[in-house]
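Participant: Pasting the sequence and the predicted model now:
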Amino acid sequence: MAARSARVVAVEDAEPEAKLTSFSEFYTRLQRWEGIANPRNLIGPWPPRRREGIAAALSAGFDAAGLLGAEIPGFAGSTPQSRGNKAAKFLKDRLTAVPSYRLGVIGGAGYPDFVLRWQGGWCCAEVKSTSKLDGDASSLRIVLTGSTARLRAEIDRIGHDAPPPCHLLFTLNHNDEGVVTGMRLDFLEPDTMVSVKLEASTSRVMLGRGQQRFHSHP
């Protein structure tokens, strides 16, 4: 297994307006922002043997599914957002035989895309895709999560007595034509540094309830 990535601590490595913090601290602050008085611990540390087991199992499943050299359906001509969704669906459809593990979809929208289950445990599994090589320097943001609702719902479904889940970032590598060239697994830790950028959104419903003036034509 590849060595653990160096922690990102230099401010210049992040967007100027973004704040660097640990993944666990981000989750604590985000839950307070969401109005949760007593934030839960939403990310646990990876046991080394579990990391090694998942790396071996997913590698074996990747090979058994014949993913190397496979073409992601409908990839060419798609938007970047659509490409990510197509890659995630393709992975779920093809990566069906993972020794001792089961990859399942979480219902609803948000983070994470999937859960990886094993006897007595599970972890979050977010799927991304890229045509960049691991060695390429890139400031392209890898967006993980902007809400805890979906994750908390899955924890509620499983039960509060279970330890906080670990988090796995699965990146499907491909070329510009959507042909798979490999994969990368990042085992995120509570102290993994994340770059937090505050964003705001609205909707037609919210605008309809607002007090702002508007003009429509014709």
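Facilitator: All right, it came through fine.

Participant: what are the ranges of the helices in this protein?
Facilitator: Read by DSSP state H, the chain holds these helices, from start to end of the chain: 23-33, 48-64, 80-94, 149-158, 204-209.

Participant: and the longest one, what other elements does it pack with?
Facilitator: With contacts defined as 3 or more CB pairs under 8 Å, 6 or more residues apart in numbering; DSSP states H and E, the secondary structure elements packing on helix 48-64 are strand 166-174, strand 180-188. Where C-beta positions appear, they are placed from N, C-alpha and C, glycine not excepted.

Participant: Export only the CA atoms of that helix, formatted as CSV.
Facilitator: Extracted as CSV, the C-alpha positions of helix 48-64 are listed here (Å, rounded to 0.1, in the frame of the first residue of the first chain):
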residue,chain,number,x,y,z
PRO,A,48,-4.3,-0.6,9.7
ARG,A,49,-5.4,-4.2,9.0
ARG,A,50,-8.8,-3.0,7.7
ARG,A,51,-7.1,-0.5,5.4
GLU,A,52,-4.9,-3.3,4.0
GLY,A,53,-7.9,-5.6,3.7
ILE,A,54,-10.0,-3.1,1.8
ALA,A,55,-7.1,-2.2,-0.5
ALA,A,56,-6.5,-5.9,-1.4
ALA,A,57,-10.2,-6.7,-1.8
LEU,A,58,-11.0,-3.7,-4.0
SER,A,59,-7.9,-4.3,-6.1
ALA,A,60,-9.0,-7.9,-6.6
GLY,A,61,-12.6,-6.8,-7.4
PHE,A,62,-11.2,-4.2,-9.9
ASP,A,63,-9.2,-6.9,-11.7
ALA,A,64,-12.1,-9.4,-11.7
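
Participant: quick one, it and helix 80-94 angle?
Facilitator: Here helix 48-64 runs at 90 degrees with respect to helix 80-94, directions being taken by axes from the mean of the first three to the mean of the last three CA atoms, to 10 degrees.
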